[in-house]
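Enquirer: sequence below, structure please.
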Amino acid sequence: MADNKDNFEIKINEAWCKGCGICIAFCPKKVLGFNENGKVSMLDREHCIKCRMCEMRCPDFAIFLGGKE
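Expert: Numbering: from 1, shown residues only. Down below sits the predicted model:
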């Protein structure tokens, strides 16, 4: 049975994020950006296609696709 992407969302561990911006650069929908702390945050959750490019490119494992609960 295939995973339903609606049951997942991008999660960001801000403590691990060093603000390098690699995930932002690789996001095909440009839904990620920097917050006021210089860390990555989700700017437009509605348009995220959950492709996992951000997760694959993050050198610090600070961003991942996880369950909503």
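Enquirer: surely R57 meets G21?
Expert: No. With contact defined as CB atoms under 8 Å, R57 does not reach G21; the gap is 10.2 Å. Using the backbone N, CA and C atoms, a C-beta is placed for each residue, glycine as well.
Enquirer: for R52, which residues are in contact?
Expert: Contact partners of R52, counting by CB atoms under 8 Å, 6 or more residues apart in numbering, are L65.
Enquirer: got the CA positions of the worst-scoring helix or strand of the chain on mean pLDDT in PDB?
Expert: For the chain, counting by mean pLDDT, DSSP states H and E, strand 63-67 ranks last in confidence among helices and strands (a mean of 91). This file holds the C-alpha atoms of strand 63-67, laid out as PDB (Å, rounded to 0.1, in the frame of the first residue of the first chain):
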ATOM      1  CA  ILE A  63      14.400  18.900   7.900                       C
ATOM      2  CA  PHE A  64      12.300  15.800   7.200                       C
ATOM      3  CA  LEU A  65       9.000  14.500   6.100                       C
ATOM      4  CA  GLY A  66       7.100  13.200   9.200                       C
ATOM      5  CA  GLY A  67       3.700  12.300  10.400                       C
END
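Enquirer: what strands line up against it, and which way round?
Expert: Each strand that pairs with strand 63-67, with its direction, by DSSP bridges: strand 8-12 (antiparallel).
Enquirer: buried residues in stretch 34-46, which are they?
Expert: The neighbour-count check on stretch 34-46 (16 or more other CB atoms under 10 Å) flags K39, V40, S41, M42 as buried.
Enquirer: those residues in strands, which ones?
Expert: Counting by DSSP state E, the buried residues of stretch 34-46 place V40, S41, M42 in strands.
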